[in-house]
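**Q** This is the structure alone, sequence omitted:
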């Protein structure tokens, strides 16, 4: 069993202690700011069509603090002058509905399983919210995140305003609870890193499987099926995002998800796909030749992107700015595009004019965690976020050369992106996803030997 699987299994044996610790950290932040009541609702079930729902996925903030897996739930954290407590509101036990839709914890069992101080029926939430807000001057809530729940909060506040003559007051201060949680979520704990390593290993296995399965004449959706099979067979609950399986010219469409075209001999296949495990995402992109052998121009562009990624990875370390990796990758790509005579001029001139955006139009990194594009600022004003140990970000330079009259035919429709997930460590970074082959020699060997 891989080390990531062992760490994951150890984590699961004491899984819910980490949620309690996070709640205590948020309560301490609230207390330092004068206390109050934090309201964190879970996501709602969404109708797909008629009486069929999309698979339920918990709200990331709610999951981060509770681990509670059911819809129709709300977490309240109360930071009072003398007492701090966490309250969960959830569905009641209902044996008849459980026959149809599955097990429910119910308010009686939830505290023992999830470590909250108390649990109540979701039917009591609105009344309890008014009671708690009347006793605390500050509300910690993220307005605009959920319009329907915003209205629910407004009703509670207006109910208190209507009782002003009886001495009850609505909160006079509103804090954005997501802002506090974003800062917490940016630094991953030991348990989060274990989950992300496991998600990365499963995703890397899926990419190796896809490389072995690819061949001219197959369809993009058949390769997508190989990815999905590996995700689910290894214990992942779902893909972390819609898989991109893009052959030939489709690789030059950044968010291509049609995955419906046949794979052609002599073209490249770009796959951007990864799984989610217990809420945590991996994010991997690999590009490889459908027939197992890179052509000369394909290899030239591929090695250029690989060199750009290496430059970006070398720039990731504590104290560096979030954008340092992008600037390092961009300089390499621009120099390479000039050398390949796809751009003209000096490196500085091309960067200043942004002529490179014809071939490289996205940034090199984003945060990764519970969300694929995870929470947290990358820039405030003119200042980029400083990297710290425990942060996780992607490193994904690319080069996309569409067919055009001023582009040599040998470079037409070459789209290359290489993406890995980097954990910032005390002295640099650790690539969580490097089990997915990415050098030309390793890719060609896997495709040759795997077949």
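**A** Done, it's in. Model, not experiment: these values are computed from the prediction.
**Q** can you give me phi and psi for residue 174?
**A** phi -120, psi 120 (degrees, to the nearest 10).
**Q** residue contacts, the most centrally placed residue in the chain?
**A** Among the residues of the chain, the one closest to the centroid is residue 372, at 1.7 Å (C-alpha atoms, centre = their mean). By C-beta atoms under 8 Å, 6 or more residues apart in numbering, the contact list for residue 372 reads 240, 241, 281, 283, 366. Quick note: C-beta positions are derived from backbone N, CA and C, even for glycine.
**Q** and with 10 Å instead?
**A** Each residue near residue 372 by C-beta atoms under 10 Å, 6 or more residues apart in numbering is listed here: 239, 240, 241, 274, 276, 281, 282, 283, 366, 394.
**Q** and if you look at residue 182?
**A** Taking C-beta under 10 Å, 6+ apart as the test, what residue 182 contacts is 61, 142, 176, 367, 374, 375, 376, 377.
**Q** Distance check, residue 437 against residue 285.
**A** Remark: distance between residue 437 and residue 285 (C-beta to C-beta, to the nearest Å) = 13 Å.
**Q** Which residue of these two possesses the greater neighbour count?
**A** Neighbour totals were compared for residue 437 and residue 285, and residue 285 leads with 23 against 19 (other C-beta atoms under 10 Å).
**Q** if we look at the sheet, which residues does the more buried one bridge to?
**A** Residue 285 has these beta-bridge partners by DSSP bridges: residue 272, residue 419.
**Q** Pretty sure it sits against residue 270.
**A** Yes. Residue 285 lies in contact with residue 270 (C-beta atoms under 10 Å); the separation is 6.8 Å.
**Q** Can you pull the residues that touch both of those two?
**A** 244, 398, 416, 417, 418.
**Q** show me the contacts for the residue nearest to residue 402 when sequence neighbours are not counted.
**A** Leaving aside its sequence neighbours, residue 402 sits nearest to residue 252 (C-beta to C-beta, 6 or more residues apart in numbering; 5.0 Å). In this structure, residue 252 makes contact with 246, 270, 359, 398-403, 412-416, judged by C-beta under 10 Å, 6+ apart.
**Q** Endpoint to endpoint, stretch 134-149 covers what distance?
**A** Counting by C-alpha to C-alpha, to the nearest Å, you get 19 Å between the two ends of stretch 134-149.
**Q** what's the answer for stretch 54-62, then?
**A** 19 Å.
**Q** go on, stretch 167-177?
**A** End to end - C-alpha to C-alpha - stretch 167-177 spans 27 Å.
**Q** now stretch 163-175
**A** By C-alpha to C-alpha, one end of stretch 163-175 lies 23 Å from the other end.
**Q** now stretch 107-120
**A** 5 Å.
**Q** Also stretch 207-221?
**A** End-to-end distance (C-alpha to C-alpha), stretch 207-221: 14 Å.
**Q** circling back: and the contacts of residue 372, which two are the farthest apart?
**A** 239 and 366 (17.3 Å; C-beta to C-beta).
**Q** Looking at the two now, which is surrounded by more residues?
**A** More crowded of residue 239 and residue 366, by other C-beta under 10 Å: residue 239, with 21 against 18.
**Q** Isn't the more buried one up against residue 275?
**A** Yes. Contact criterion C-beta under 10 Å: residue 239 and residue 275 qualify, at 6.0 Å.
**Q** Quick check: neighbours shared by the two?
**A** 203, 206, 227, 228, 231, 232, 281, 282.
**Q** Any chance of a PyMOL selection covering the buried ones in these?
**A** Here is the PyMOL command that selects the buried residues among these (16 or more other C-beta atoms under 10 Å):
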select buried, resi 203+206+227+228+231+281+282
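**Q** Let me see the contact set for residue 241.
**A** 255, 257, 272, 273, 274, 275, 276, 281, 283, 371, 372, 373.
**Q** If we use 6 Å, what do you get?
**A** Counting by C-beta atoms under 6 Å, 6 or more residues apart in numbering, residue 241 touches residue 372.
**Q** what's the burial count for residue 25?
**A** Count around residue 25 with other C-beta under 10 Å applied: 14.
**Q** typo on my end, it should be residue 17
**A** 11.
**Q** So what does the residue nearest to it when sequence neighbours are not counted look like in phi/psi?
**A** Residue nearest to residue 17 in three dimensions, not counting chain neighbours: residue 115, with 7.2 Å by C-beta to C-beta, 6+ apart. Backbone torsions of residue 115, given as degrees, to the nearest 10, read phi 70, psi 10.
**Q** my guess is residue 115 meets residue 18, correct?
**A** No. With contact defined as C-beta atoms under 6 Å, residue 115 does not count as touching residue 18 (9.8 Å).
**Q** which residues does the nearest residue in space to residue 278 that is not next to it in sequence contact?
**A** The shortest distance from residue 278 to any non-neighbouring residue, by C-beta to C-beta, 6+ apart, is to residue 195 (5.6 Å). With contacts defined as C-beta under 6 Å, 6+ apart, the neighbours of residue 195 are 277, 278, 280.
**Q** And for residue 444?
**A** Residue 444 neighbours (C-beta under 6 Å, 6+ apart): none.
**Q** What separation do you get for it and residue 204?
**A** Applying C-beta to C-beta to residue 444 and residue 204 gives a distance of 18 Å.
**Q** just residue 302 next, same as before
**A** 19 Å.
**Q** Check residue 30 too.
**A** Residue 30 is 39 Å from residue 204, by C-beta to C-beta.
**Q** ditto for residue 311
**A** From residue 311 to residue 204 the distance is 22 Å (C-beta to C-beta).
**Q** follow-up on the earlier one: buried subset of the contacts of residue 182?
**A** 61, 142, 367, 374, 375, 376.
**Q** so which of those residues comes closest to residue 104?
**A** Checking these one by one against residue 104 (C-beta to C-beta), the nearest turns out to be residue 61, at 22.0 Å.
**Q** tell me how far the strand or helix carrying that closest one is from the chain's mean position?
**A** Per DSSP states H and E, residue 61 falls inside helix 60-66. With C-alpha atoms, centre = their mean, to the nearest Å as the basis, helix 60-66 stands 14 Å off its chain's centre.
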